[in-house]
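Novice: Just to be clear, the model below is a prediction. Sequence and coordinates:
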Amino acid sequence: MSAAPATHFDKVLIANRGEIAVRIVRALRELGIRTAAIYSDADRRGLPVLLSDEAHRIGPAPSRESYLKGEAIVELAVAIGADAIHPGYGFLAERADFARQVEEAGLRLIGPPSSAIAAMGSKLESRRLMLEAGVPVVPGGDSALADLDQATALAESIGYPLMLKASAGGGGKGMRLVREPDELKAAYRATRSEAAASFGDDAIYIEKYVDRPRHVEIQVLADQHGKVVSLGERECSLQRRHQKVVEEAPSPVVSPELRARMGEAAVRAAQAVGYTNAGTVEFLLDAAGEFYFLEMNTRLQVEHPVTEMVTGLDIVRWQIAIAQGEPLAPELDAVEPVGHAIELRLYAEDPFHNFVPSPGRIERLRLPEGPGVRNDCGVYEGADVSIHYDPMLGKMIVWGRDRGEALRRLRRALEETRIEGIRTNLPLYRALLDDDDFRAGNLDIAMLDRKLAAGDLRPAQASENADLPLLAAALEHSLRTSRAAAAPSPEGGRRGHWREAGRREALRGTRWS
Ligand code: ADP
């Protein structure tokens, strides 16, 4: 690997929007680097625009006419004198061709080399590379299936149930579960034609189906001088339709010994593709404690803050340092998690109506504060949530000395939170906090879907009604204090003063219900 010469960025363009653009602006500002935001017409008054040193319109609202216009974004970066581009996640972040354009323009990408993105972009190619590197992969075929006969023979030797997967698939698409031999023929044809139609590549292969696994992923950092380190795992098993909703670090079931083995495997995975910068190696972990490589995400992850909370490290800052050519510090050699962090993804969607997106104006926004609470939020009170983009508003992250304290803090943080004007998935989280399996850390990737389908997890009251118990308490309290005022208080006046202040505070809260 040839390390690019060390440099210091003066200005960085952020090729993204929403909470992750805000996160990146914050890291850059702390380093004294100038920030250039881009925005579509829908995001003219977006938080990244308000917080950046400069902001540039990139096009109309639809992403393909704005945030996905790689060439125009590279041209803009050159024109404004930026040294580097941070792609965030989504949009252009895992596009090898975009990374190549950035490299060819003489700019730096705050991310991996285009060759590593390309190698990990193909499921079959990455499986082959991982096998070579001694990283465990899900048992299955190692090349594209030639025909149905070959698929049948291979399926017999692997055993059912199994998965048929498109090599070029992604985002949970191009996969099919095949439970029995009878289903194979139809599934083979359907997966193959879907692969050709959706991804322009009909290469499909077979993988064993891992029953009720956990999703456990390892955060790695790799510098341009050949050093790769693991920052430990994140547990991301709570998913709705293969999309993560709650993430935590560390995993409730990963021992220090398993952490070390998974970390070593993840480091080997990164080394196998000449990886640099921050990346995540995703594994399925089965009930027996065996883990299998799933894929590598060649970018910053949504859930990176839980790792930051338990390691005290700033991952985005390290991304920038690595892109500037700095070596990883010795303090990163043996990072151990301290305490426990949990992240909730806040979505503008209606949990009572099949989670349909709920765009609109945020009329009221009160986010939790206090010890151990962090909000990575891309919106503000009065902002509009657009129909054009992913409905994630931001993330709420809590830290506690252990998982029990983190859960208690999460409950307290949710009680403080009010979001009005749009529907959000907060009621789902309130219900989840009462769920015995979640509280005990008994998780698997299908658990949330199973519970929602069975009606075991009824999203509690809507957030706009959540102040009702508070209102009742305030009224009762008010009655009690007026009765107490009639009689002399044995505790003296001071306590009464605080009670009065508390009552006013409680009543203020109810105005937003
Ligand atoms: P994508 O690239 O589309 O995200 P992945 O290969 O990462 O596809 O798989 C997405 C999800 O599908 C995983 O998080 C897991 O929930 C499930 N999954 C994938 N492969 C298997 C498997 N072999 N056995 C069981 N579940 C699987």
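Specialist: Looks like it arrived, so ask away. Residues are numbered from 1 along each chain as shown.
Novice: Could you look up the SS state of Val74?
Specialist: helix (DSSP: H, G, I helix; E, B strand; the rest coil).
Novice: Offset the numbering so it begins at 44, please.
Specialist: Shifting the count to begin at 44 puts that one at Val117.
Novice: What distance do you get for it to the ligand?
Specialist: As for Val117, its distance to the ligand is 26 Å (criterion: Cβ to the nearest ligand atom, to the nearest Å). (Glycine included, C-beta is placed from N, CA and C.)
Novice: And for Ala187, the neighbour number?
Specialist: 16 (other Cβ atoms under 10 Å).
Novice: same deal with the one 5 residues further on?
Specialist: Each residue near Asp192 was counted by other Cβ under 10 Å, and the total is 9.
Novice: can I assume it sits in a strand?
Specialist: No: in this structure, Asp192 is helix, not part of a strand, as judged by three-state DSSP.
Novice: Nearest spatial neighbour of Ala265, chain-adjacent residues omitted?
Specialist: Excluding the flanking residues, the one nearest Ala265 by Cβ to Cβ, 6 or more residues apart in numbering is Val271, at 4.2 Å.
Novice: Setting aside sequence-adjacent positions, which residue approaches Ala162 most closely?
Specialist: Val316 (4.3 Å).
Novice: Also Arg151?
Specialist: With Cβ to Cβ, 6+ apart, the residue lying closest to Arg151 is Ala127, at 4.1 Å.
Novice: neighbours around the one you found, how many?
Specialist: Ala127, neighbours per other Cβ under 10 Å, totals 23.
Novice: I'd like to check which residues are in contact with it.
Specialist: Contacts here follow Cβ atoms under 8 Å, 6 or more residues apart in numbering; on that basis Ala127 touches 52, 55-56, 150-153, 363, 366.
Novice: Just the ones of these in strands?
Specialist: The strands, defined by DSSP state E, take in 55-56, 151-152 from these.
Novice: Name the residues of the protein found near the ligand, please.
Specialist: 181, 206, 212-216, 250, 252-253, 256, 258, 285, 337-338, 488 (Cβ under 6 Å from any ligand atom).
Novice: Which PyMOL command selects the buried ones in those?
Specialist: The following PyMOL line selects those of the residues of the chain next to the ligand that are buried, judged by 16 or more other Cβ atoms under 10 Å:
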select buried, resi 181+206+212+250+252+253+256+258+337+338+488
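Novice: which of the residues of the chain next to the ligand lies closest to Gly275?
Specialist: Checking the residues of the chain next to the ligand against Gly275 by Cβ to Cβ gives His258 as the nearest, at 15.0 Å.
Novice: Quick check: chain neighbours aside, which residue is closest to that closest one?
Specialist: Using Cβ to Cβ, 6+ apart, the closest residue to His258 is Cys279 (4.6 Å).
Novice: So that neighbour is in contact with Val259, correct?
Specialist: Yes: if you go by Cβ atoms under 8 Å, Cys279 and Val259 touch, sitting 7.4 Å apart.
Novice: hmm, back to that, sort out which of the residues of the chain next to the ligand are in strands and list them.
Specialist: 206, 212-213, 216, 250, 258, 337-338.
Novice: buried residues in stretch 445-458?
Specialist: Residues 446, 449-450, 452-453, 456-457 are the ones in stretch 445-458 that count as buried (16+ other Cβ under 10 Å).
Novice: swap in stretch 148-164?
Specialist: Neighbour-count burial for stretch 148-164 [16+ other Cβ under 10 Å]: 150-157, 159-164.
Novice: Output the helix or strand harbouring Ser210 as CSV - backbone C-alpha positions only.
Specialist: Following DSSP states H and E, one finds Ser210 within strand 205-213. Taking C-alpha atoms only, strand 205-213 is exported to CSV below (Å, rounded to 0.1, in the frame of the first residue of the first chain):
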residue,chain,number,x,y,z
LEU,A,205,-31.1,-22.2,2.9
MET,A,206,-30.8,-18.7,1.3
LEU,A,207,-30.6,-17.9,-2.4
LYS,A,208,-28.7,-14.6,-2.8
ALA,A,209,-27.9,-12.3,-5.7
SER,A,210,-24.2,-11.5,-5.7
ALA,A,211,-24.9,-7.9,-6.6
GLY,A,212,-27.8,-7.6,-4.1
GLY,A,213,-28.1,-5.1,-1.2
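Novice: Kindly spell out which helices and strands sit in contact with that strand.
Specialist: With contacts defined as 3 or more Cβ pairs under 8 Å, 6 or more residues apart in numbering; DSSP states H and E, strand 205-213 has these neighbours: helix 166-175, strand 216-221, helix 227-242, strand 247-251.
Novice: how about the strands in the stretch 394-543 of the chain?
Specialist: Listed in chain order, the strands of the stretch 394-543 of the chain (DSSP state E, counting those that start in this stretch) span 399-400, 403-404, 407-409, 416-420, 427-428, 435-443, 461-463.
Novice: Highest mean neighbour count out of these?
Specialist: strand 435-443 (a mean of 23; mean count of other Cβ atoms under 10 Å).
Novice: pLDDT weak spots in the stretch 44-193 of the chain?
Specialist: 44-46 (pLDDT under 70).
Novice: Over in it, which residue gets nearest the ligand? Let me know.
Specialist: Taking Cβ to the nearest ligand atom, the ligand has its nearest neighbour within the stretch 44-193 of the chain at Val181, 4.5 Å off.
Novice: The helix or strand hosting Val288 pairs with which strands, and in what direction?
Specialist: Using DSSP H and E, Val288 sits in strand 286-292. Take DSSP bridges as the rule and strand 286-292 pairs in its sheet with strand 271-283 (antiparallel), strand 383-390 (antiparallel).
Novice: would you turn these into a markdown table with mean neighbour count and mean pLDDT?
Specialist: As requested, the strands paired with strand 286-292 are arranged in a markdown table below (neighbours: other Cβ atoms under 10 Å; pLDDT from 0 to 100):
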| stretch | mean neighbour count | mean pLDDT |
| --- | --- | --- |
| strand 271-283 | 23 | 97 |
| strand 383-390 | 25 | 98 |
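Novice: Output the below-cut-off pLDDT ranges for the stretch 444-556 of the chain.
Specialist: Where the stretch 444-556 of the chain drops to pLDDT under 70, the residues are 502-556.
Novice: of all the buried residues of stretch 445-458, which comes closest to the ligand?
Specialist: Distance to the ligand across the buried residues of stretch 445-458 (Cβ to the nearest ligand atom) is lowest for Arg446, with 22.3 Å.
Novice: distance of the residue nearest to Thr460 when sequence neighbours are not counted from the ligand?
Specialist: What sits nearest to Thr460 in space, not counting adjacent residues and going by Cβ to Cβ, 6+ apart, is Pro411, at 5.4 Å. Pro411 sits 29 Å away from the ligand when distances are taken as Cβ to the nearest ligand atom.
Novice: In contact with the closest residue to the ligand within the stretch 344-493 of the chain, which residues?
Specialist: Of all residues in the stretch 344-493 of the chain, Ile488 sits closest to the ligand, at 4.0 Å by Cβ to the nearest ligand atom. Listed by Cβ under 8 Å, 6+ apart, the contact partners of Ile488 are 255-258, 280, 282, 285, 327.
Novice: Phi, psi for the closest residue to the ligand within the stretch 244-393 of the chain please.
Specialist: Among all residues of the stretch 244-393 of the chain, Val253 sits closest to the ligand, at 3.8 Å; criterion: Cβ to the nearest ligand atom. Phi and psi for Val253, reported as degrees, to the nearest 10, are phi -90, psi 120.
Novice: Next up, the contacts around it.
Specialist: By Cβ under 8 Å, 6+ apart, the contact set of Val253 is 181, 327, 329, 335.
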